[in-house]
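In: Fold the following, please.
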Amino acid sequence: MRKVLTAITATLILASTSCDTTQPTGGGSQVITITASASGLVDVWQIWDTWADTDEPEDFVPDVKTVFHKCVLQPDPVSASVPWPYSAEITLIRAGTTDEIPLRSTVDDTDPFSSITPYDTGVLRTVPDAPREGRFYFLDGREVAATTRDYIDNCTNLGSSFGDSNIVGEPVEFSWEVEQGDTIVFRARKQLDAEANPYQSVVSTGVVLFSSYFVDGRGVTPAGTTFSASDGGGFTASVSTR
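Out: All right, here's what the predicted structure looks like:
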(Lines give C-alpha, C1' and ligand atoms only; values in the text may rest on other atoms or scores of the structure.)
Protein backbone atom coordinates (compact mmCIF):
# COMPACT_ATOMS: atom_id res chain seq x y z
CA MET A 1 0.00 0.00 0.00
CA ARG A 2 1.65 3.22 -1.19
CA LYS A 3 0.75 6.86 -0.92
CA VAL A 4 0.89 7.09 -4.71
CA LEU A 5 -2.23 7.43 -6.83
CA THR A 6 -2.57 4.28 -8.91
CA ALA A 7 -4.88 3.66 -11.86
CA ILE A 8 -7.12 1.56 -9.62
CA THR A 9 -7.35 4.27 -7.00
CA ALA A 10 -7.97 6.91 -9.63
CA THR A 11 -10.89 4.87 -10.97
CA LEU A 12 -12.27 4.41 -7.47
CA ILE A 13 -12.05 8.13 -6.75
CA LEU A 14 -13.73 9.07 -10.02
CA ALA A 15 -16.54 6.67 -9.18
CA SER A 16 -16.95 8.11 -5.70
CA THR A 17 -17.13 11.69 -6.97
CA SER A 18 -19.60 10.94 -9.79
CA CYS A 19 -22.15 8.85 -7.88
CA ASP A 20 -25.20 10.75 -6.58
CA THR A 21 -27.07 7.87 -4.95
CA THR A 22 -24.85 6.85 -2.06
CA GLN A 23 -22.80 9.89 -1.10
CA PRO A 24 -24.07 12.71 1.12
CA THR A 25 -24.95 16.15 -0.19
CA GLY A 26 -24.89 19.53 1.45
CA GLY A 27 -22.42 22.38 1.68
CA GLY A 28 -20.05 23.27 4.49
CA SER A 29 -17.90 21.00 6.60
CA GLN A 30 -18.93 17.44 7.45
CA VAL A 31 -17.41 14.64 9.53
CA ILE A 32 -16.56 11.33 7.88
CA THR A 33 -16.26 8.39 10.29
CA ILE A 34 -14.81 4.93 9.59
CA THR A 35 -15.14 1.79 11.71
CA ALA A 36 -13.66 -1.65 11.13
CA SER A 37 -14.65 -5.03 12.56
CA ALA A 38 -14.20 -8.72 11.88
CA SER A 39 -16.18 -11.91 12.33
CA GLY A 40 -15.58 -15.64 12.18
CA LEU A 41 -16.67 -19.00 13.48
CA VAL A 42 -15.67 -19.18 17.14
CA ASP A 43 -15.68 -21.81 19.90
CA VAL A 44 -18.17 -21.43 22.74
CA TRP A 45 -17.18 -21.79 26.41
CA GLN A 46 -19.07 -21.97 29.66
CA ILE A 47 -17.30 -20.06 32.44
CA TRP A 48 -17.90 -19.96 36.20
CA ASP A 49 -16.27 -17.81 38.87
CA THR A 50 -14.67 -19.97 41.57
CA TRP A 51 -15.58 -19.30 45.19
CA ALA A 52 -14.23 -21.02 48.30
CA ASP A 53 -15.68 -21.91 51.68
CA THR A 54 -12.85 -20.84 54.01
CA ASP A 55 -14.68 -21.12 57.32
CA GLU A 56 -13.52 -23.55 59.99
CA PRO A 57 -15.34 -25.72 60.49
CA GLU A 58 -16.70 -25.84 56.97
CA ASP A 59 -20.21 -24.38 56.83
CA PHE A 60 -20.90 -25.10 53.12
CA VAL A 61 -21.30 -21.40 52.30
CA PRO A 62 -18.80 -19.89 49.80
CA ASP A 63 -17.39 -16.70 51.29
CA VAL A 64 -14.25 -15.83 49.26
CA LYS A 65 -14.11 -15.25 45.52
CA THR A 66 -10.84 -16.62 44.11
CA VAL A 67 -8.95 -15.56 40.98
CA PHE A 68 -9.65 -18.91 39.35
CA HIS A 69 -12.36 -19.91 36.88
CA LYS A 70 -13.88 -23.14 35.66
CA CYS A 71 -14.01 -23.22 31.84
CA VAL A 72 -15.72 -25.92 29.78
CA LEU A 73 -15.68 -26.09 25.97
CA GLN A 74 -19.07 -26.52 24.29
CA PRO A 75 -19.65 -28.65 21.17
CA ASP A 76 -21.06 -26.09 18.73
CA PRO A 77 -19.18 -22.96 17.58
CA VAL A 78 -20.96 -19.70 16.75
CA SER A 79 -20.38 -16.73 14.48
CA ALA A 80 -19.04 -13.88 16.61
CA SER A 81 -16.99 -10.70 16.50
CA VAL A 82 -13.28 -11.45 16.27
CA PRO A 83 -10.30 -9.34 17.35
CA TRP A 84 -7.92 -9.45 14.39
CA PRO A 85 -4.80 -7.44 13.50
CA TYR A 86 -4.84 -5.44 10.28
CA SER A 87 -2.88 -2.68 8.61
CA ALA A 88 -4.67 0.55 7.82
CA GLU A 89 -4.01 3.66 5.77
CA ILE A 90 -6.29 6.70 5.59
CA THR A 91 -5.74 9.56 3.17
CA LEU A 92 -7.53 12.76 2.19
CA ILE A 93 -8.09 14.10 -1.34
CA ARG A 94 -9.12 17.72 -1.40
CA ALA A 95 -11.90 18.81 -3.77
CA GLY A 96 -10.66 19.42 -7.29
CA THR A 97 -7.34 17.61 -6.75
CA THR A 98 -6.01 14.08 -7.16
CA ASP A 99 -3.17 14.15 -4.61
CA GLU A 100 -3.60 11.95 -1.55
CA ILE A 101 -2.71 13.63 1.74
CA PRO A 102 -1.74 11.09 4.42
CA LEU A 103 -3.88 11.34 7.55
CA ARG A 104 -3.02 8.21 9.49
CA SER A 105 -1.19 4.99 8.62
CA THR A 106 0.28 1.89 10.23
CA VAL A 107 1.84 0.63 7.00
CA ASP A 108 5.35 1.89 7.67
CA ASP A 109 5.29 1.23 11.42
CA THR A 110 7.47 -1.37 13.12
CA ASP A 111 4.26 -3.36 13.53
CA PRO A 112 2.11 -2.51 10.49
CA PHE A 113 -0.73 -4.74 11.77
CA SER A 114 -1.21 -2.76 14.99
CA SER A 115 -4.85 -1.93 14.32
CA ILE A 116 -7.09 -4.55 15.97
CA THR A 117 -10.81 -5.11 15.42
CA PRO A 118 -13.15 -5.20 18.46
CA TYR A 119 -13.56 -8.18 20.76
CA ASP A 120 -16.91 -9.89 21.15
CA THR A 121 -18.67 -8.50 24.20
CA GLY A 122 -21.87 -10.52 24.43
CA VAL A 123 -23.05 -13.22 26.80
CA LEU A 124 -24.80 -15.96 24.84
CA ARG A 125 -26.74 -17.09 27.89
CA THR A 126 -26.42 -17.54 31.63
CA VAL A 127 -25.96 -21.09 32.94
CA PRO A 128 -26.69 -22.73 36.32
CA ASP A 129 -24.02 -23.13 38.96
CA ALA A 130 -21.73 -26.11 38.37
CA PRO A 131 -21.44 -28.87 41.00
CA ARG A 132 -19.05 -27.93 43.80
CA GLU A 133 -15.73 -29.70 44.23
CA GLY A 134 -14.78 -30.00 47.89
CA ARG A 135 -14.65 -26.50 49.32
CA PHE A 136 -14.83 -24.85 45.86
CA TYR A 137 -18.06 -23.54 44.38
CA PHE A 138 -18.61 -22.52 40.76
CA LEU A 139 -21.01 -19.59 40.52
CA ASP A 140 -22.23 -16.88 38.12
CA GLY A 141 -22.06 -19.18 35.10
CA ARG A 142 -22.25 -17.78 31.59
CA GLU A 143 -21.74 -18.99 28.04
CA VAL A 144 -19.55 -16.80 25.84
CA ALA A 145 -17.60 -16.82 22.59
CA ALA A 146 -13.87 -17.52 22.75
CA THR A 147 -13.24 -14.02 21.37
CA THR A 148 -14.45 -12.28 24.54
CA ARG A 149 -12.01 -10.86 27.04
CA ASP A 150 -13.92 -12.93 29.61
CA TYR A 151 -12.66 -16.14 28.00
CA ILE A 152 -9.22 -14.86 26.96
CA ASP A 153 -8.35 -13.32 30.34
CA ASN A 154 -9.91 -15.98 32.57
CA CYS A 155 -9.43 -19.24 30.67
CA THR A 156 -6.09 -18.83 28.86
CA ASN A 157 -2.60 -17.66 29.82
CA LEU A 158 -2.44 -15.41 26.73
CA GLY A 159 -4.46 -12.44 27.97
CA SER A 160 -1.54 -10.02 28.09
CA SER A 161 -0.56 -10.98 24.53
CA PHE A 162 -3.80 -9.61 23.10
CA GLY A 163 -3.75 -5.90 22.30
CA ASP A 164 -6.44 -3.30 22.74
CA SER A 165 -8.94 -2.80 19.94
CA ASN A 166 -8.16 0.26 17.83
CA ILE A 167 -8.32 1.72 14.34
CA VAL A 168 -5.05 3.54 13.52
CA GLY A 169 -4.64 4.24 17.22
CA GLU A 170 -8.20 5.46 17.87
CA PRO A 171 -10.16 3.27 20.32
CA VAL A 172 -13.43 2.79 18.40
CA GLU A 173 -13.60 4.81 15.21
CA PHE A 174 -11.64 7.21 13.03
CA SER A 175 -13.27 10.57 12.28
CA TRP A 176 -12.10 13.52 10.20
CA GLU A 177 -13.74 16.84 9.34
CA VAL A 178 -13.82 17.53 5.60
CA GLU A 179 -15.08 20.26 3.31
CA GLN A 180 -17.53 19.99 0.45
CA GLY A 181 -16.14 17.82 -2.35
CA ASP A 182 -13.36 16.23 -0.27
CA THR A 183 -12.73 12.47 -0.33
CA ILE A 184 -11.46 10.14 2.38
CA VAL A 185 -9.77 6.92 1.20
CA PHE A 186 -9.46 3.92 3.51
CA ARG A 187 -7.17 0.97 2.76
CA ALA A 188 -6.99 -2.04 5.08
CA ARG A 189 -5.34 -5.47 4.93
CA LYS A 190 -5.73 -8.47 7.24
CA GLN A 191 -2.69 -10.03 8.81
CA LEU A 192 -2.08 -13.54 7.50
CA ASP A 193 -3.67 -16.31 9.56
CA ALA A 194 -0.29 -17.97 10.17
CA GLU A 195 1.25 -14.71 11.44
CA ALA A 196 -1.58 -13.38 13.61
CA ASN A 197 -0.38 -14.65 16.98
CA PRO A 198 -2.14 -15.25 19.29
CA TYR A 199 -5.40 -14.16 17.66
CA GLN A 200 -5.80 -17.26 15.53
CA SER A 201 -5.87 -19.36 18.72
CA VAL A 202 -9.44 -18.22 19.48
CA VAL A 203 -10.92 -18.55 15.96
CA SER A 204 -12.11 -21.78 14.34
CA THR A 205 -12.39 -20.62 10.71
CA GLY A 206 -11.35 -17.83 8.37
CA VAL A 207 -11.90 -14.25 9.45
CA VAL A 208 -13.82 -11.65 7.43
CA LEU A 209 -12.60 -8.07 7.84
CA PHE A 210 -15.16 -5.42 6.99
CA SER A 211 -15.72 -1.69 7.39
CA SER A 212 -18.54 0.82 7.80
CA TYR A 213 -18.74 4.50 6.84
CA PHE A 214 -20.72 7.45 8.17
CA VAL A 215 -21.10 11.11 7.30
CA ASP A 216 -22.29 13.27 10.19
CA GLY A 217 -23.47 10.06 11.87
CA ARG A 218 -25.49 8.78 8.89
CA GLY A 219 -24.46 5.48 7.33
CA VAL A 220 -23.35 5.74 3.69
CA THR A 221 -22.27 3.34 0.97
CA PRO A 222 -18.72 4.10 -0.20
CA ALA A 223 -17.13 3.54 -3.57
CA GLY A 224 -14.89 0.50 -3.80
CA THR A 225 -14.83 -2.63 -1.63
CA THR A 226 -15.64 -2.67 2.07
CA PHE A 227 -14.54 -6.15 3.17
CA SER A 228 -12.09 -9.01 2.63
CA ALA A 229 -12.53 -12.69 3.40
CA SER A 230 -9.28 -14.03 1.92
CA ASP A 231 -6.23 -14.84 4.02
CA GLY A 232 -4.14 -11.68 4.16
CA GLY A 233 -6.59 -9.94 1.82
CA GLY A 234 -7.30 -6.25 1.73
CA PHE A 235 -9.66 -3.66 0.31
CA THR A 236 -9.88 0.02 -0.64
CA ALA A 237 -12.94 2.22 -0.22
CA SER A 238 -13.61 5.96 -0.43
CA VAL A 239 -16.27 8.40 0.71
CA SER A 240 -16.80 11.85 -0.82
CA THR A 241 -18.98 14.77 0.19
CA ARG A 242 -20.84 17.14 -2.11
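
In: Apart from its chain neighbours, what residue comes closest to the most centrally placed residue in the chain?
Out: Central residue of the chain (C-alpha atoms, centre = their mean): Thr117, 1.7 Å from the mean position. Leaving aside its chain neighbours, Thr117 sits nearest to Ala38 (4.1 Å; criterion: C-beta to C-beta, 6 or more residues apart in numbering). No exception for glycine: its C-beta is placed from N, CA and C like everyone else's.

In: same deal with Thr54?
Out: Thr54's closest residue in space is Val64 (C-beta to C-beta, 6+ apart), at 5.1 Å.

In: For that neighbour, which residues are in contact?
Out: Val64 is in contact with 51-52, 54, counting by C-beta atoms under 8 Å, 6 or more residues apart in numbering.

In: out of those residues, who's nearest Gln74?
Out: Trp51 (22.4 Å; C-beta to C-beta).

In: I figured that closest one hits His69, correct?
Out: No - Trp51 is beyond contact range of His69, at 10.8 Å (criterion: C-beta atoms under 8 Å).

In: Of the two, give the one with the bigger neighbour count.
Out: Higher neighbour count among Trp51 and His69: Trp51, with 21 against 17, using other C-beta atoms under 10 Å.

In: What's opposite the more buried one in the beta bridge?
Out: The partner list for Trp51 in beta bridges (DSSP bridges) reads Lys65, Tyr137.

In: Against Phe138, how distant is it?
Out: Shown here: Trp51 relative to Phe138, a distance of 8 Å by C-beta to C-beta, to the nearest Å.

In: quick revisit: how about the residue nearest to the centre of the chain, what does it touch?
Out: 36-38, 81-84, 86, 165, 209.
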